[in-house]
Each structure stands twice: as structure tokens, then as C-alpha cells.
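# Requesting a structural model of the entry that follows:
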Amino acid sequence: MTRPPYLKAGDKIGVLSTSNFTEQTYIDELVAILTSWKLQPVLGKTIGARKGSFAGSDKLRLTDLQQMVDNDDIKAVLETMGGYGIVRVIDKVNFNKFKYNPKWLVGYSDTTFLHCHVQGMLSIATIHGTMAADLEDGYKKDSWESLRKALFGEPLKYSVKPHSLNRTGNAEATIIGGNISILCNAKGTMSDVNSNGKILFMEETGENKYRLDSYLTSLKHAGKFKYVKGLLVGNLTEIEEDDPPFGKTPEEIVFDAVKEFDFPVCFGFPAGHGSLNKALVFGSPVHMKVTPQGTTITFANEV
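Numbers count the residues shown, from 1 in each chain. Below is the predicted model of the structure:
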């Protein structure tokens, strides 16, 4: 796996949305944050553009992303919003230049398509991290500070409280993953996740319990859990009860999908949709240690 160069003061960082439209207020707050990190934000043409729920037309979003990944002066690209939209353009992006001059691609939610596409096709590390749209719920220092550390190459080590459904054990492997529904929708496409021999991260929001179960069952049938080294479960928020009730918590639904396997499982990692969204360097070697007393997640700086 190739690691893009870490950022340094004065670097230019691209800001765009390949999915849904983002309110200007949060863009302004993002610019202030990046400036405080001594970076130079470069706003893409999708910032302020709107077509329906999208940040401009498919053509505009594709062109914006293509120009950002091709621009040698841009050292990282931040998506501002998830939602929906990358899948409409991702297969048309030409990564030939990016392959030889990689840069950090940052985001989560719908950006899962981008993470899996880039790592599956090019084996280049990316960052699953907070976005401008998260500022709607206020500035979360821990989320943004973890993203800054990931971008600048500072050590990342996390501790997670014990959970009753955790499965103890150790795993050392690269980490990949993202939003559960996106991972499911990407099956059979060029953006399909390759979880073999990896630590798989998963999170979800805004789904009914039966839909969560259907996504996980589909991923299981596709063999996505068969050769996993470990499972890191992030935020599971706003998972709505069915009528009649499904009969399980969201965490129990996830555990039931992987209970036949023997890899370690950690629940409750604060990443994805939720009050905290700590950065994960996808494609990075990770040591995950799950014990009855809690879990530690340690990232290696070299990929």
C-alpha cells in the first residue's frame, strides 16, 4: 500500500463535494479550521454549486474531482459532505496521474466509494475522517484534531471502552471499510471492497434494523467476512425499530452476522456518523488488541 506524503505548513488542500450540497456556513468554518492548521484551502467549483440535492451536475462534480486529483499543487482533497452522488461519477475518474503523485483523499459516508475504489484499484492509503457538514452539530475538537494528526503524520493510537459483545483477540493488518450500506451497494462494481486479510471497519446511520440486517447478510453471502482479520465497529446511529419490532439491538445485528467467525471484534469505536468521528487511515497497518478491559487501536505511520 502506498502512503501519500504527509502535509506540512503552507501546503494547499482542496475542498470539494462529489456528493450532496453543503451549506456555505460550514464551508466558511472549515476554511477557518484549515487556515488555523497553516494550510491553504483551495475551493473547488462544486462549492456553492447546486443541482437538486447534489453539489452541481454529474459533469461538474466529475470535473472538479478530476482537476483536484490531477493538480500537483494540491496535497490533499477533502470532501465536504456525504449523502449520495460519488457512485454516479467514480467510474469516469482517470487516476493515471494520481497513481504516480498520490495525495490524501479525505471523507466518510458516501466517500466510502472513493476509499474502496482508490485502494482496490491503486493500493493508495486514504483517510476516513470528519467533514465540513459535521460542523452543523458544532466543532468537535477530538474529531478535527485526529484528522489533523492523520494528515500531518502524527502518531494515532486510540483506546476504546469494553463492550459486552466484543470478541477478544489480537489482529495486525491494514484497515479498510466504511459505511455499511455503501459497502453493500459497491459489491460487483469497480469500487468493491477487498476485505481479505484486512481489519474491516464498519459504521451506519439512518437505516431500519431490517435494512441493516439485510446489508450485513448480503456482505456475508458475498464472502466479505470470511477472510477478515478483525472487525472494528464504529457509530451505529439513528437505526430505527421496525414494526413489528426486529428483536435485536443494532450491535446484536452486527454480531450475529459475524458470530460464526473467530476474528476479534470491537464495538463502540467513535468514528462515522455520530457525535465523534475520529480519523482512520485506511490502508495503514494497524494493531488491534481487544481485551476484557478494553481495546487499543495503534496505527503505523509507514504504509
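
# And the helix or strand hosting residue 201, how far out from the chain middle?
Residue 201 belongs to strand 199-205 when assigned by DSSP states H and E. Taking CA atoms, centre = their mean, to the nearest Å, one finds the center of strand 199-205 at 8 Å from the center of the full chain.

# Give the buried residues for the helix or strand following that strand.
Next helix or strand after strand 199-205 toward the C-terminus (DSSP H and E): helix 209-221. Across helix 209-221, burial judged by 16 or more other CB atoms under 10 Å covers 209, 211-213, 215-216, 218-220. In this view, the C-beta of every residue, glycine as well, is placed from N, C-alpha and C.

# Contact partners for the nearest residue to residue 66 once chain neighbours are set aside?
In this structure, residue 66 finds its nearest non-sequential neighbour in residue 93, 5.8 Å apart by CB to CB, 6 or more residues apart in numbering. Contacts of residue 93 were listed using CB atoms under 8 Å, 6 or more residues apart in numbering, and they are 62, 65-66, 69.

# what are the phi and psi values for residue 93?
phi -80, psi 130 (degrees, to the nearest 10).

# Repeat that for the one 5 residues further on.
Main-chain dihedrals, residue 98, degrees, to the nearest 10: phi -60, psi -40.

# Please verify my assumption that it contacts residue 122.
Yes. Contact criterion CB atoms under 8 Å: residue 98 and residue 122 qualify, at 7.4 Å.

# Which neighbours do these two have in common?
Joint contacts of residue 98 and residue 122 (CB under 8 Å, 6+ apart) do not exist.

# okay, the two: which has more neighbours?
Just comparing residue 98 and residue 122: by other CB atoms under 10 Å the higher neighbour count belongs to residue 98, 20 against 17.

# quick one: contacts for the residue lying closest to residue 232 once chain neighbours are set aside?
Ranked by CB to CB, 6+ apart and with sequence neighbours excluded, the top spatial neighbour of residue 232 is residue 201, at 4.6 Å. By CB under 8 Å, 6+ apart, the residues touching residue 201 are 128, 175-178, 232-234, 269, 271, 280, 282.

# Now intersect the residues you listed with the strands, please.
128, 175-178, 232-234, 280, 282 (DSSP state E).

# among those, which ones are buried?
Buried residues within the ones in strands among the contacts of residue 201, counting neighbours by 16+ other CB under 10 Å: 128, 175-178, 232-234, 280, 282.

# tell me the pLDDT at the spatially closest residue to residue 117 that is not a sequence neighbour?
Among residues not flanking residue 117 along the chain, residue 191 sits closest, at 4.0 Å (CB to CB, 6+ apart). For residue 191, the pLDDT comes out at 94.

# quick one: strands adjacent to the strand holding residue 201?
Using DSSP bridges, strand 199-205 pairs in its sheet with strand 169-179 (parallel), strand 230-237 (parallel).

# average pLDDT across the last one?
Taken as a whole, strand 230-237 has a mean pLDDT of 98.

# What is the subsequent helix or strand relative to that strand?
helix 250-258.

# coming back round to it: farthest pair in the contacts of residue 201?
Longest distance between any two of those is 15.6 Å, between 233 and 282; criterion CB to CB.

# Mark which of the contacts of residue 93 are part of helices, please.
Among the contacts of residue 93, the members found in helices (DSSP state H) are 62, 65-66, 69.

# Looking at the residues you listed, state which has the most neighbours.
When neighbours are taken as other CB under 10 Å, the top entry among these is residue 65 (25 neighbours).

# Excluding covalently adjacent residues, which one is nearest to it?
Closest residue to residue 65 apart from its sequence neighbours, by CB to CB, 6+ apart: residue 18 at 5.2 Å.

# try residue 173
Nearest to residue 173 is residue 229, by CB to CB, 6+ apart, at 4.1 Å.

# give the contact list for the one you found.
Residues near residue 229 by CB under 8 Å, 6+ apart: 171-173, 197-199, 263.

# just curious, which of the residues you listed is nearest to residue 77?
Minimum distance to residue 77 across the contacts of residue 229 is 23.3 Å, recorded for residue 198 (CB to CB).

# so the closest one touches residue 228, yeah?
Yes. Using CB under 8 Å, residue 198 makes contact with residue 228 at a distance of 6.4 Å.

# where along this protein do the helices fall?
Counting by DSSP H, the chain has helices at residues 24-36, 58-70, 96-100, 112-122, 141-152, 180-185, 209-221, 250-258.

# Please tabulate those in CSV and include distance to residue 243 as additional columns.
Below are these laid out as CSV (distance: least, CB to CB, whole Å):
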stretch, distance to residue 243
helix 24-36, 35
helix 58-70, 37
helix 96-100, 47
helix 112-122, 29
helix 141-152, 34
helix 180-185, 21
helix 209-221, 10
helix 250-258, 16
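
# All set now, cheers.
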